[in-house]
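Q: my questions are about this predicted structure, shown below with the sequence.
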Number of protein chains: 2
Amino acid sequence: MDEDAFRRHRDELGADRSRGAAELARGALALAAASARKAPASDAADLVRELRARADALARARPSMAPIARLLGAWRDAIAGLAGATLGDARAHAAAAAEALIERSRAAGREAARHAAAAIGANRTVITHSLSSTVLELFALLKDSGVRAIVTESRPLLEGHALAARLSEWGIPATLITEAEIGLFVARADAAVVGADAVLADGSVINKAGTYLLALAAREAGVPFYVCAESFKWLPPDALPPALEEMDAAELGAPRWPRVEIANIYFDLTPARLVSAWFSEDGGKPREGRS
Amino acid sequence: MDEDAFRRHRDELGADRSRGAAELARGALALAAASARKAPASDAADLVRELRARADALARARPSMAPIARLLGAWRDAIAGLAGATLGDARAHAAAAAEALIERSRAAGREAARHAAAAIGANRTVITHSLSSTVLELFALLKDSGVRAIVTESRPLLEGHALAARLSEWGIPATLITEAEIGLFVARADAAVVGADAVLADGSVINKAGTYLLALAAREAGVPFYVCAESFKWLPPDALPPALEEMDAAELGAPRWPRVEIANIYFDLTPARLVSAWFSEDGGKPREGRS
């Protein structure tokens, strides 16, 4: 993959509004693997330099999404020792390292969903917001256990429609609502479950804007609020909270009026005190104490 | 106005998604006045019978909107004594009674807005949800006092756009957001202000779905949450809470999938404990005690 093709793919990843953080991180690793195989390089040291620069560029593509920087960082570290190898070996090992991380991330997401599914149990109604590959995995695990879903449309780009379509294929009874209806419907659910774009060290959660409102309404209704996210989404204690990405105002589809600003901030921060439990590949961790 | 024309206008009122409760109530009274002038009748007693039947039909058109039933009920009572008059006098008095109620409602909304504006003061940022004629009045009163607005788009039919357009005309700096962004923006406001479709005797508020989420987020952010509504919107202590109207699912613009229900409930109920103060033509009334 030459520099131009790489840049084009990286820009697509930066502009992708339909996939969640874990899926985009795995997409970034797939670009890393393709780069390992095809990036122009005169020798292994040259290749490693180029791949590390590409890893950095990918890590910066989506600042709110923790697993992209974390998985690319892990890959960057993994390939550092390849500079002394033959070019062929360096390519093969660097590609294999990226693919191993993809598989680790995928397995971690599956395991996180398995732990959450066990906690939720059979014949339950689950409300969720936005589209998370981990929450999708959760529904896949519960689809023969009588699960029912309440799904927000998720403005501005309505990725909730893609979730509703998938649940329908699986035969899971679902109700599609506007974000405005969250307060009306949360009390009908046994649990609220969301994925995450990033989890801060204190357990606060960055996820699609609206997640915070779901968490507030769940607490008010006495419905547990669960976060289901592989550990690559957790930020280290010394990390600064990531920026909340703002996207193109045109996505709201509103006319432009003088003196009216249109805000399209994609993520919000749900404080840890509103989270009942976090599920990762390591199991479930309930919040200690009371909010 | 003959029976067919009346039915057509009543159905339009039942289907109107863009005007709030106070405006629709005044629209219903305008239909009442037109009926007083033109409904076919052989004598005054016949006219009164027909007008009372029309008042009942109008009162049922929008069950979630208290002022329609209350103002039509007041008119129904006001015309009862006209059965012994001449037909001409009965027509004139019944029409005048409806028009007086329109003016009373309009003046009450203006006064409620005036009390809220005084409480909010100059150079403040006000966040609101949906489109309320009373809140519009409030912005008109504050437009030369440095007010700024945060306005939700208000799915499904985006009546927040009409509010943004009006604020723009008035030169009020405004930010348009999705409902999902309420949690991000409420802390930037000095006050959250909404109108109401109905206020229960305990102070709980029926208003456009999403209002409850704004109230929850306002409380969490320490931002006062005000309800601004003429007293015709208050229900008597013995009234049952009105039904929350559900509208056509097609308004969400989503595809239809097997086993996926699309919910389009237009109103939600915000408990009195989340309201900081209620403003009517009689002044402001802060909530007593703590939530």
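A: Everything's here; your move. Numbers count the residues shown, from 1 in each chain, chains lettered A, B, ... in the order given.

Q: any idea how far the longest helix seen in chain A is from the chain center?
A: Using DSSP state H, we find that the single longest helix of chain A is helix A:87-120. Mean C-alpha position of helix A:87-120 versus that of the full chain (C-alpha atoms, centre = their mean, to the nearest Å) differs by 14 Å.

Q: tell me the helix or strand right after it.
A: strand A:125-128 (DSSP states H and E).

Q: pull the CA atoms of that following strand into CSV?
A: Taking Å, rounded to 0.1, in the frame of the first residue of the first chain, the C-alpha atoms of strand A:125-128 are listed here in CSV:
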residue,chain,number,x,y,z
THR,A,125,-35.4,-6.3,27.8
VAL,A,126,-32.2,-4.3,27.0
ILE,A,127,-32.2,-0.7,26.0
THR,A,128,-29.1,0.6,24.2
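
Q: how far does it sit from the chain's center?
A: Computed by C-alpha atoms, centre = their mean, the chain-centroid distance of strand A:125-128 equals 18 Å.

Q: and the longest helix of chain A, what's buried?
A: Counting neighbours by 16 or more other C-beta atoms under 10 Å in any protein chain shown, one finds that the buried residues in helix A:87-120 are A:90-91, A:93-95, A:97-99, A:101-102, A:104-106, A:108-117, A:119-120. Using the backbone N, CA and C atoms, a C-beta is placed for each residue, glycine as well.

Q: cool, and stretch A:226-245?
A: Counting neighbours by 16+ other C-beta under 10 Å, stretch A:226-245 gives A:226-235, A:242, A:244-245 as buried.

Q: return the subset of those residues lying in strands.
A: When DSSP state E is applied, those are split such that A:226-228 fall in strands.

Q: can you list the residues you listed in JSON lines and add distance to chain B and pLDDT?
A: Output for those, formatted as JSON lines (distance: C-beta to the nearest C-beta, whole Å; pLDDT from 0 to 100):
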{"residue": "A:Y226", "distance to chain B": "18", "pLDDT": "98"}
{"residue": "A:V227", "distance to chain B": "16", "pLDDT": "98"}
{"residue": "A:C228", "distance to chain B": "20", "pLDDT": "98"}
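
Q: closest to B:E220 out of these?
A: For those, the residue nearest B:E220 by C-beta to C-beta is A:V227; the value is 18.3 Å.

Q: how about the residues of the stretch 51-200 of chain A by chain B?
A: A:153-156, A:158, A:161, A:164-165, A:167-168, A:171-185 (C-beta under 8 Å from any C-beta of the partner chain).

Q: put the buried members of the residues you listed into a PyMOL selection.
A: Entered in PyMOL, the line below selects the buried ones among these, by 16+ other C-beta under 10 Å:
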select buried, chain A and resi 153+154+155+156+158+161+164+167+168+172+174+175+176+177+178+179+180+181+182+183+184+185
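
Q: which stretches in chain A count as strands?
A: Taking DSSP E as the criterion, chain A contains strands spanning A:125-128, A:148-152, A:174-177, A:191-194, A:198-199, A:205-208, A:225-228, A:260-262, A:267-270, A:277-280, A:283-286.

Q: parallel or antiparallel, list what pairs with the last one.
A: Strands flanking strand A:283-286 in the sheet, each with its direction: strand A:277-280 (antiparallel) (DSSP bridges).

Q: low-confidence ranges in the stretch 151-291 of chain A?
A: Within the stretch 151-291 of chain A, the segments meeting pLDDT under 70 span A:290-291.

Q: go with 80
A: A:289-291 (pLDDT under 80).

Q: that one: helices as residue ranges?
A: Remark: helices assigned in the stretch 151-291 of chain A by DSSP state H, counting those that start in this stretch are A:160-169, A:182-185, A:211-221.

Q: name the helices or strands packed onto the second one?
A: Under the contact criterion of 3 or more C-beta pairs under 8 Å, 6 or more residues apart in numbering or on different chains; DSSP states H and E, helix A:182-185 touches strand A:174-177, helix A:211-221, helix B:211-221.

Q: other SSEs contacting the shortest one?
A: In other words, strand A:174-177. strand A:148-152, helix A:160-169, helix A:182-185, strand B:260-262.

Q: for the ones you listed, which one sits closest to A:T270?
A: helix A:182-185 (13.1 Å).

Q: show the contacting residues for the residue of the stretch 1-150 of chain A at minimum distance from chain B.
A: Proximity of the stretch 1-150 of chain A to chain B (C-beta to the nearest C-beta) peaks at A:H129, 8.1 Å away. Counting by C-beta atoms under 8 Å, 6 or more residues apart in numbering or on different chains, A:H129 makes contact with A:152, A:154, A:160, A:179, A:182, A:192, A:194, A:207-208, A:210-211, A:214.

Q: what is the nearest of these to B:G27?
A: Using C-beta to C-beta, the contacts of A:H129 come closest to B:G27 at A:E179, 29.2 Å.

Q: the closest one: what's it in contact with?
A: Per C-beta under 8 Å, 6+ apart, neighbours of A:E179: A:129, A:152-155, A:210, A:213, B:155, B:178-180, B:210, B:213.

Q: distance check, it against B:A174.
A: Distance of A:E179 to B:A174, given as C-beta to C-beta, to the nearest Å: 20 Å.

Q: and if you look at A:D190?
A: Counting by C-beta to C-beta, the gap from A:D190 to B:A174 is 39 Å.

Q: A:G171 now?
A: Distance from A:G171 to B:A174, by C-beta to C-beta: 45 Å.

Q: make a markdown table out of the helices and strands packed on strand A:174-177 and add distance to A:A78.
A: As requested, the helices and strands packed on strand A:174-177 are exported to a markdown table (distance: least, C-beta to C-beta, whole Å):
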| stretch | distance to A:A78 |
| --- | --- |
| strand A:148-152 | 38 |
| helix A:160-169 | 33 |
| helix A:182-185 | 41 |
| strand B:260-262 | 43 |
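
Q: out of these, the one nearest B:R76 is which?
A: helix A:182-185 (32.4 Å).

Q: put the alpha carbons of that closest one into PDB.
A: What follows is helix A:182-185, C-alpha atoms only, in PDB (Å, rounded to 0.1, in the frame of the first residue of the first chain):
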ATOM      1  CA  ILE A 182     -35.400   7.600  26.200                       C
ATOM      2  CA  GLY A 183     -37.100   8.800  29.300                       C
ATOM      3  CA  LEU A 184     -40.400   7.200  28.300                       C
ATOM      4  CA  PHE A 185     -38.900   3.800  27.500                       C
END
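
Q: check contacts around the closest residue in space to A:E230 that isn't next to it in sequence.
A: Among residues not flanking A:E230 along the chain, A:A108 sits closest, at 3.6 Å (C-beta to C-beta, 6 or more residues apart in numbering or on different chains). Shown in contact with A:A108 (C-beta under 8 Å, 6+ apart): A:230-232, A:280-281.

Q: mind running it again at 10 Å?
A: Counting by C-beta atoms under 10 Å, 6 or more residues apart in numbering or on different chains, A:A108 touches A:22, A:67, A:134, A:229-233, A:280-282.

Q: just give me the closest of those residues to A:D2.
A: Nearest member of the contacts of A:A108 to A:D2, counting by C-beta to C-beta, is A:P67, at 26.5 Å.

Q: nice, that's everything, thank you.
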